[in-house]
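Enquirer: Task: produce atomic coordinates for the following.
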Amino acid sequence: MSKPTGPIPAGFRADEDGMLLIGGRRVDALVEEAGDTPLFVYDLAMIDEKVRRFRSFFVGVDLHLAMKANPYPPVLRHALRQVDGIDLASGGELVTALQAGAAPDRMSFAGPGKRDSEIEAAVAAGVTLNCESEGEAERAIAIGRRIGVTPRVAVRVNPAFEIKGSGMRMGGGARPFGVDAERVPALVRYILDSDAEWRGFHIFAGSQALSPEALIEAQRASVALAGVLAEQVGAAPPLVNLGGGFGIPYVHGDAALNIEPIGAALQASTAQVPVGAEIVPGLREAAPVRKAAGNN
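Expert: Sure thing, here's the model as predicted:
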């Protein structure tokens, strides 16, 4: 039994024979060149266009690529020329990113369950750790003392809200991601009093959202939460990572996300961010093939 595949996705087209074209080349010719199927074909111009479109609507906002969306080294190396940083989710991704030429001071490492060896590798390289718990922050600081390197530490916040209609919810109750918001100020003060460099907040309420209204609401709440936490801490966060959450249409009937109103709303919201903070949403649209990017 077959299922409907729907129309040709945006960004692709067919020739006069109805053959799908990728990067202007017929799919059957690409298969012949590769020798067989299955194969992955990446149109790097599509990545460039996604980044250009993002930049046009999110002026002054740093753009990070979630590497787990596509760790293929040629794609990663190309993306590194387009984005401001890389978000990691494993020690293996850290190794691949460094080999691809990513700058450690523009990389962040999120995700629960980090091993001591992964934390040590990140601290030694100068990568920012988005700590998911008090215990992880304590481990990072202890490791930094042992190896003689100052850890760069941000706090992953588990907010009391979530992105409505998101594919994976990462806020709005007990979650494996991040520190509950009410415990964050004490943890930040501990970091500030320790042998660590505080790098700010990571606030990510959900992923794979296709509703601009839901993302606008979640980003507005995230920016407001960052302001409240900064007041409670008594220090402005150097960086606020909003995590992205931008979805892509996976199945027939899904509508592509319109990011223009999201960018306009974020520009208005960031006027409330404490002075010195930098806003970094993860990019969920960079890689046109495989999983949607930018989800930590």
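Enquirer: Would you map the strands across the stretch 1-150 of the chain?
Expert: Using DSSP state E, counting those that start in this stretch, the strands found in the stretch 1-150 of the chain span residues 13-14, 20-22, 25-26, 64-66, 85-88, 107-109, 128-131.
Enquirer: Tell me which of these sits most buried.
Expert: strand 128-131 (a mean of 29; mean count of other C-beta atoms under 10 Å). All C-beta spots, glycine's among them, are computed from the backbone N, C-alpha and C.
Enquirer: For this protein, just list every one of the helices.
Expert: For the chain, the helices defined by DSSP state H occupy 27-34, 44-57, 73-80, 91-99, 116-125, 134-147, 184-192, 212-233, 260-269.
Enquirer: Tabulate the strands of the stretch 1-150 of the chain in JSON lines, adding columns for mean pLDDT and distance to residue 149.
Expert: Shown next, in JSON lines, are the strands of the stretch 1-150 of the chain (pLDDT from 0 to 100; distance: least, C-beta to C-beta, whole Å):
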{"stretch": "strand 13-14", "mean pLDDT": "88", "distance to residue 149": "51"}
{"stretch": "strand 20-22", "mean pLDDT": "92", "distance to residue 149": "44"}
{"stretch": "strand 25-26", "mean pLDDT": "94", "distance to residue 149": "47"}
{"stretch": "strand 64-66", "mean pLDDT": "92", "distance to residue 149": "23"}
{"stretch": "strand 85-88", "mean pLDDT": "94", "distance to residue 149": "17"}
{"stretch": "strand 107-109", "mean pLDDT": "96", "distance to residue 149": "14"}
{"stretch": "strand 128-131", "mean pLDDT": "97", "distance to residue 149": "12"}
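Enquirer: Identify whichever of these lies nearest to residue 137.
Expert: Proximity of the strands of the stretch 1-150 of the chain to residue 137 was assessed by C-beta to C-beta; the nearest stretch is strand 128-131, lying at 4.3 Å.
Enquirer: Can you list the strands that the closest one pairs with?
Expert: strand 107-109 (parallel), strand 152-158 (parallel) (DSSP bridges).
Enquirer: Just tell me which of those strands ends up closest to residue 244.
Expert: Closest among those, using C-beta to C-beta: strand 107-109, at 12.4 Å.
Enquirer: Span of stretch 239-250 from start to end?
Expert: With C-alpha to C-alpha, to the nearest Å as the measure, stretch 239-250 spans 31 Å from end to end.
Enquirer: Thanks a lot, see you next time.
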